[in-house]
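Colleague: need a 3D model of the sequence below.
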Amino acid sequence: MRKITEIILHCTATRPNDHCTVESIRRYHRSLGWRDIGYHYVIYQDGGVLPGRPLEEVGAHCPGHNANSIGIAYVGGIDADGHPSDTRTEAQRLVLLQLVKDLMEEHPIISIHGHNEYANRACPCFDVRQWLSENNL
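Modeller: The predicted structure follows:
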């Protein structure tokens, strides 16, 4: 197993009514020439958590940080008008928090970041630092 020290949070940059699944993300990422989906977990709007790339494998979600990180994406991030927005449902909020806590117990997580801390993007479309503080992480 690789040494995992970081979690990086993402959104799929999709609108609330877009049909976005692990398989549709996988197809898109493969169309970019990647060998698989870049994220390790995807959180659906109903709170369902589906695995993406196996944790044993290096992800493809944040260049320069993939080797030692876990990538988690929630479905959403774009409002109905096409603007970046925190569209997480209550179910996604609860599941994301529990997933991060579980991963912190399983791995020596040193830091948790939003993708926007490493790239010029709005992703994950919420303030991760504030979220960490509000949840005592």
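Colleague: what about the strands in the chain?
Modeller: Secondary structure of the chain (DSSP state E): strands at 6-11, 41-43, 49-51, 69-74, 111-114.
Colleague: quick one: residues in contact with the last one.
Modeller: Contacting residues not belonging to strand 111-114 are listed as 5-10, 65, 100, 123-124, 126-128, 132, 137 [C-beta atoms under 8 Å, 6 or more residues apart in numbering]. Any C-beta I mention is one placed from the backbone N, CA and C, and that applies to glycine too.
Colleague: now it: average pLDDT?
Modeller: Mean pLDDT, strand 111-114: 98.
Colleague: now do the buried residues in it.
Modeller: Neighbour-count burial for strand 111-114, with 16 or more other C-beta atoms under 10 Å as criterion, is recorded at Ile112, His113, Gly114.
Colleague: neighbouring strands - and their directions - for it?
Modeller: As defined by DSSP bridges, the strand partners of strand 111-114 come to strand 6-11 (parallel).
Colleague: how far off strand 69-74 does the strand it pairs with point, in degrees?
Modeller: 20 degrees (axes from the mean of the first three to the mean of the last three C-alpha atoms, to 10 degrees).
Colleague: can I get strand 6-11 as PDB, trimmed to CA atoms?
Modeller: Extracted in PDB, the C-alpha atoms of strand 6-11 (Å, rounded to 0.1, in the frame of the first residue of the first chain):
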ATOM      1  CA  GLU A   6      -3.300  14.000   2.200                       C
ATOM      2  CA  ILE A   7      -6.900  14.200   1.100                       C
ATOM      3  CA  ILE A   8      -7.800  16.500  -1.700                       C
ATOM      4  CA  LEU A   9     -11.500  17.500  -2.100                       C
ATOM      5  CA  HIS A  10     -13.100  18.100  -5.500                       C
ATOM      6  CA  CYS A  11     -16.400  18.600  -7.200                       C
END
